[in-house]
Structure formats: C-alpha cells, structure tokens
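Student: next come a sequence and a model predicted from it.
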Amino acid sequence: MPKILTIEDDESLTLNMTRTLAAGRYLIDIARTGREGMAKAMAGDYDIVALARSLPDLDGLTILAAMRGVGMETPVLIMSAMPDIEQRVEAFRAGCDDYLCKPFSFAEMSVRIEALLRRRPRITESETVLRAGELELDLIRHKVRRRERELKLKPTECRLLEFMMRHPDQVLTREMISKAVWGYEFVPGTNLIEVHVGRLRKKIHIAGERQVIRTIRGSGYLLL
C-alpha cells in the first residue's frame with residue numbers, strides 16, 4: 001500500500017484528508033508541525049508527501065528545499081491558500097510536483113495523488129544498489145550488507161552511509177555531511193555528526209579488521 005506523509009497543522013483538514021486517503025487504501029502518517037514533518041520526511045520512506053505551504057513554525061518550501069537538497073525525489077504535493085501564479089511558480093521552482101489550492105475537493109486531491117504515483121519512474125536494480133569495497137546498499141529495500149552479513153541501520157545511518165558510498169576515497173567535511181544528510185549548514189560546537197559516524201562505524205565494523213571509516217583529524221571522514 002502506498003504510504004503518504006501529510007504535513008498540515010489544520011486538524012479539521014487533516015482529519016478529512018486522512019479519512020479520504022484511508023478509504024483509498026493508502027497508509028497515512030501525520031505531522032502537525034513543520035519541524036516534525038521535516039524529521040519524518042527525512043527519516044521515513046514515503047511514496048508521497050502532502051505538504052502545507054504555510055506552517056506556524058517552518059515554511060513548507062524550506063522543508064521541500066531540504067528534501068531536494070539531499071537528493072530525495074519523493075513526489076511532493078503542495079497544499080496552499082495562496083492562489084497567485086507567483087506563489088505557484090516559486091513552489092515549482094523549489095521542486096514540488098503538484099500544487100493544490102485551498103479550499104480543495106478531496107476527490108480532486110485523491111486524483112492528483114493517483115497521478116503522482118503513476119508518474120514515478122521504474123528503476124532498475126542496477127540503479128538502486130550501491131557498492132563500495134565490501135559494502136552493498138540497496139536504496140529501495142534499505143538493506144545494507146558487508147560481505148554476507150546484513151547490517152541493521154537506522155534511516156539516518158543509511159543516508160549517511162549512502163553519501164559516503166557515493167564519494168569513496170574522498171575526504172568528506174562535516175559541512176558537506178551536514179548539508180547532504182540533514183539538509184542544513186553545519187553548526188560548529190555540536191557533536192551530531194561525530195555521534196552518528198561513531199554509531200555507523202560500530203555497526204559496519206568487523207572485529208579484528210581495519211575500520212572502513214577513517215577520521216581525518218581537522219578535516220572530516222574518509223570511506224576506504
């Protein structure tokens with residue numbers, strides 16, 4: 001069943017959307033704030049994100065830009081009370097796939113979601129499996145293997161490993177990792193990246209063998 005993330009602070013609208021979409025055999029996940037929605041969108045595996053243009057704590061286009069900034073191609077349907085052509089153009093330029101003006105018909109919403117699902121390209125296995133050394137990452141099934149051992153990684157760890165596997169033998173700075181994995185600029189003085197790299201390193205390590213993620217002091221990290 002297709003999984004849809006709805007990021008919307010209007011409880012009445014969210015309730016009606018959920019009823020309509022659930023009847024259409026969709027799995028629905030809800031975020032009522034922009035920050036919660038961004039976290040779910042970045043960490044989850046959704047077929048579509050239905051995103052409010054205006055949210056009380058975070059602009060919808062900021063969330064959209066963050067998703068596109070880390071390479072996420074999940075179709076995004078913007079829901080907005082701003083009907084002006086300038087607002088529509090701004091949203092499409094930011095990377096949205098469709099734009100629905102409030103108030104809208106829930107029947108029309110369902111049809112637009114069906115159309116977005118039909119647009120998704122068919123991807124061959126060769127395009128979705130990354131390999132670097134002994135590591136193999138299936139981007140569709142979110143499965144990671146080292147040799148014959150399957151590794152249990154969290155979504156953020158998968159995104160971090162994917163970024164490293166796409167740039168093997170290259171020193172990746174904290175600024176590069178922060179922008180690619182989390183979608184925002186690195187904040188000096190925090191240890192967010194060190195913590196996640198440390199956890200990933202432990203999960204992919206084989207006892208008695210060299211570490212495949214090397215710390216380059218003062219520069220960043222290197223996947224060997």
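Tutor: Looks like it came in fine. Numbering: from 1, shown residues only.

Student: and the residue positioned nearest the centre of the chain, which of the three is it?
Tutor: Among the residues of the chain, the one closest to the centroid is Met42, at 3.2 Å (C-alpha atoms, centre = their mean). Put simply, Met42 is helix when judged by DSSP: H, G, I helix; E, B strand; the rest coil.

Student: likewise Glu36?
Tutor: The assignment at Glu36 comes out as helix when based on three-state DSSP.

Student: name the nearest residue to it, sequence neighbours excluded.
Tutor: Closest residue to Glu36 in three dimensions, ignoring its sequence neighbours and counting by C-beta to C-beta, 6 or more residues apart in numbering: Ile7, at 7.8 Å. Every C-beta, even on glycine, is put in place using the N, C-alpha and C of the backbone.

Student: does that neighbour really touch Ala52, like I thought?
Tutor: Yes. At 5.9 Å, Ile7 counts as touching Ala52 under the criterion of C-beta atoms under 8 Å.

Student: what helix or strand does Leu130 sit in?
Tutor: Assigned by DSSP states H and E, Leu130 belongs to strand 129-132.

Student: please name the nearest non-neighbouring residue to the residue nearest to the centre of the chain.
Tutor: Using C-beta to C-beta, 6+ apart and skipping the chain neighbours, the partner closest in space to Met42 is Gly183 (6.7 Å).

Student: thought Ala66 was touching the one you found, still the case?
Tutor: Yes. Here Gly183 reaches Ala66: they are 3.3 Å apart, a contact under C-beta under 8 Å.

Student: residues bridging contact with the two, i.e. touching both?
Tutor: Applying C-beta atoms under 8 Å, 6 or more residues apart in numbering, one finds that Gly183 and Ala66 are jointly contacted by 38, 42.

Student: show me which helix or strand of this structure is least confident by mean pLDDT.
Tutor: helix 125-128 (a mean of 58; mean pLDDT, DSSP states H and E).

Student: any idea how many residues pack against the residue nearest to Glu36?
Tutor: Other residues near Ile7 number 26, with proximity taken as other C-beta atoms under 10 Å.

Student: cool, the one 5 residues further on as well?
Tutor: Around Ser12 sit 8 other residues, with neighbours defined as other C-beta under 10 Å.

Student: would it count as being in a strand?
Tutor: No. Using three-state DSSP, the assignment for Ser12 is helix, not a strand.

Student: ok so, going back, what is in contact with Ile7 and Ala52 at once?
Tutor: Residues touching both Ile7 and Ala52 (C-beta under 8 Å, 6+ apart): Gly60.

Student: what about the strands in the chain?
Tutor: 3-7, 27-31, 48-52, 76-80, 98-101, 129-132, 135-138, 143-146, 149-151, 172-173, 213-216, 220-223 (DSSP state E).

Student: packing partners of the first one?
Tutor: Packed against strand 3-7, as judged by 3 or more C-beta pairs under 8 Å, 6 or more residues apart in numbering; DSSP states H and E, are the following elements: helix 11-23, strand 27-31, helix 34-43, strand 48-52.

Student: before we move on, what about the third one?
Tutor: Packed against strand 48-52 by the contact rule (3+ C-beta pairs under 8 Å, 6+ apart) you find strand 3-7, helix 60-69, strand 76-80, helix 106-119.
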